[in-house]
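> need a 3D model of the following:
(one chain, ligands or ions: 1)
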Amino acid sequence: MATATERDALPRAIRHRFPLLEHQTYLNSCSQGVLSDAVRGAYADYLRDWDEKGAPWEYWMERTESARASFAGLIGADDDEVAVTASVSAGVNAIASGLRIADGRNRIVVSDFEFPTVGQIWHAQEDRGYEIAHVHQGDSPVVPLEAFDAAIDERTALVAVTQVCYRNGACIDLEGVIRIAHERGALVLVDSYQAIGTMPIDVHALGADLLVAGALKYLLASAGLGFLYCRRDLVEQLRPTATGWFADADVFAMDIQDYSPAPDARRFQAGTPPIPSIYAGIAGIELMKEIGVAATRAHVSQLNEALIAGADELGGHVVTPRDPASRGALVAIRSTDEHALVAALAADGILTSSRDGNLRVSAHCYNTHEDIETLLAGLGRHRSLLA
Ligand SMILES: Cc1ncc(COP(=O)(O)O)c(C=O)c1O
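As a prediction, the model looks like this:
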């Protein structure tokens, strides 16, 4: 049996880098990661560079390339397969605008687990002749593979699927969905925002065609930065009409006579890159690489075992799958009034969040078993708010 020190070796080695943890029990990384010394320092560097160098655009372009490389390294992509965007929404819009209906493929398959922005962007494509088909969760905690099998057909252009659901923390069988979609000639777009930083991802091994994620949750950075991966041999088949000068083959040609998108994934970018967020994003991603995504996955799985066992003992109803392989970092627990429960816990110094009738508890690399015990004690005090 591991001692308390052994089982929390990972967080104990890094907690001093996240000052907020000294006075809060923070279990809300599915919304926003905790500010680290590295990310704070990156913002200071941005201000220093601006102040000292005036308008150092060449250097800021280098920083943008570093962000591209940093993210590519995290997901096993090549740099030219990655676009630096201002949000996941910007990336999905660029992808959607790059699709054309061909060979009667006008169907987009969207899972029940998608984040609103993804569902909304695909429904906006109805105006361009696309039909949107939803894959339902039914009574299962995960959207079953059979439901994808029934929904994906020879008319399907693309399947939009989240890796981890933002509402209940359930994983979708990505390998299964990608296999079925590819057998039927459809592309797969994976939204990895709730997985990135807590689950190792290798896009080439996975075989995903497209993947989007952002920096502000488990990548420890802040708002204003997203990334998009596009498989190299797919890039030139997509011609985004949601575009801008930073997507052009030659950004500084200043040519207004034609549309000539970059031959690589930069064609999915738009306007001036979000430079302050890029400084922070590089710092956050590199810090997560240093801490270790695989080590984080193993540690958070242990925390969540303890959390689920404790919630069971309290008679709570955990809606996240029991099988550790079928869940991300987020665990959702049913509540009679999730907003009141989040507020009551916050008053006790325990930060969580809620969605859809559930309390969301999202541990990360810096959380300890003591944090989980503190939360469980809080849930015990507010037992009447558990469904
Ligand atoms: C799974 C998922 N996708 C997309 C988004 C939204 O991304 P953005 O605001 O960068 O467009 C979120 C934000 O919480 C999310 O959790």
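
> can you give me the helices for the chain?
For the chain, the helices defined by DSSP state H cover 4-7, 9-14, 37-53, 57-75, 88-98, 116-124, 145-151, 174-183, 203-206, 232-235, 275-291, 293-313, 338-347, 369-381.

> so which residues on the stretch 201-350 of the chain come close to the ligand?
Residues of the stretch 201-350 of the chain found near the ligand (Cβ under 6 Å from any ligand atom) are 214, 226. (C-beta placed from N, C-alpha, C; glycine too.)

> of all the residues in the stretch 201-350 of the chain, which one is nearest the ligand?
Nearest residue of the stretch 201-350 of the chain to the ligand: G214, at 4.2 Å (Cβ to the nearest ligand atom).

> is that residue in a bridge, and if so with what?
Note on G214: beta-bridge partners by DSSP bridges are G226.

> run a quick neighbour tally on it.
If you count neighbours by other Cβ atoms under 10 Å, G214 ends up with 25.

> which of the helices of the chain has the lowest average pLDDT?
Least confidently modelled of these is helix 4-7, at a mean of 84 by mean pLDDT.

> which strands or helices does that helix pack on?
Judged by 3 or more Cβ pairs under 8 Å, 6 or more residues apart in numbering; DSSP states H and E, helix 4-7 is in contact with helix 369-381.

> picking that back up, of the helices of the chain, which is nearest S31?
Ranking those by proximity to S31 (Cβ to Cβ) places helix 338-347 first, at 10.8 Å.

> ok, residues contacting the closest one?
Residues from elsewhere that reach helix 338-347 (Cβ atoms under 8 Å, 6 or more residues apart in numbering): 335, 351-359, 375, 378-379, 381-382, 385-386.

> just the buried residues of that helix, please?
Across helix 338-347, burial judged by 16 or more other Cβ atoms under 10 Å covers 338, 341-342, 344-345.

> kindly report the same for stretch 241-261.
By neighbour count on 16+ other Cβ under 10 Å, the buried set for stretch 241-261 is 242-243, 245-248, 261.

> rewinding a little: out of the contacts of helix 338-347, which end up buried?
Among those, those classed as buried by 16+ other Cβ under 10 Å are 335, 351-355, 358-359, 375, 378-379, 382, 385-386.

> would you tell me which strand is longest in the protein?
strand 156-162 (DSSP state E).

> adjacent strands (with direction) for that strand?
Partners of strand 156-162 in the sheet, by DSSP bridges, are strand 107-111 (parallel), strand 187-191 (parallel).

> just to revisit the earlier point, and the residue of the stretch 201-350 of the chain closest to the ligand, what does it touch?
By Cβ under 8 Å, 6+ apart, G214 lies in contact with 87-88, 193, 196, 225-227.

> can you give me every residue that contacts the nearest residue to G176 once chain neighbours are set aside?
Of all residues not flanking G176 in the chain, L145 sits nearest, at 4.4 Å (Cβ to Cβ, 6 or more residues apart in numbering). Going by Cβ under 8 Å, 6+ apart, L145 touches 173, 176-177, 180.

> now, which of those residues sits nearest D49?
Of the contacts of L145, the one sitting nearest to D49 (Cβ to Cβ) turns out to be V177, at 43.0 Å.

> okay, the closest one and the ligand: tell me how far apart.
16 Å (Cβ to the nearest ligand atom, to the nearest Å).

> offset the numbering so it begins at 17, please.
Sounds good: first residue 17 from here, last item V193.

> hang on, isn't that residue packed against T178?
No. Checked against Cβ atoms under 8 Å, the pair V193 and T178 is beyond contact range at 10.5 Å.

> comparing the two, which residue is more hemmed in?
Shown here are V193 and T178; by other Cβ under 10 Å, T178 has more neighbours (28 against 24).

> apart from its chain neighbours, what residue comes closest to that one?
Setting aside the residues directly before and after it, T178 is nearest to D207 in space (Cβ to Cβ, 6+ apart), at 4.4 Å.

> for burial, what's the neighbour tally of the one you found?
29.

> which residues touch it?
Contacts of D207 by Cβ under 8 Å, 6+ apart are 104, 108, 130-131, 134, 176-179, 227-229.

> for it, which residues make a bridge with it?
Residues in beta-bridge contact with D207 (DSSP bridges): T178, V228.

> doesn't G287 make contact with W261?
Yes. With contact defined as Cβ under 8 Å, W261 counts as touching G287 (6.8 Å).

> got the confidence number for R183?
Reported pLDDT for R183: 95.

> the ligand versus that one, what's the distance?
Using Cβ to the nearest ligand atom, R183 is found at 9 Å from the ligand.

> OK, contacts around that residue?
R183 touches 129, 348, 371-372, 374, 376, counting by Cβ under 8 Å, 6+ apart.

> which one of those sits closest to the ligand?
Out of these, the member with the shortest distance to the ligand (by Cβ to the nearest ligand atom) is F129, at 8.6 Å.

> what count of nearby residues applies to that closest one?
Neighbouring residues of F129 were enumerated by other Cβ under 10 Å; the total is 24.
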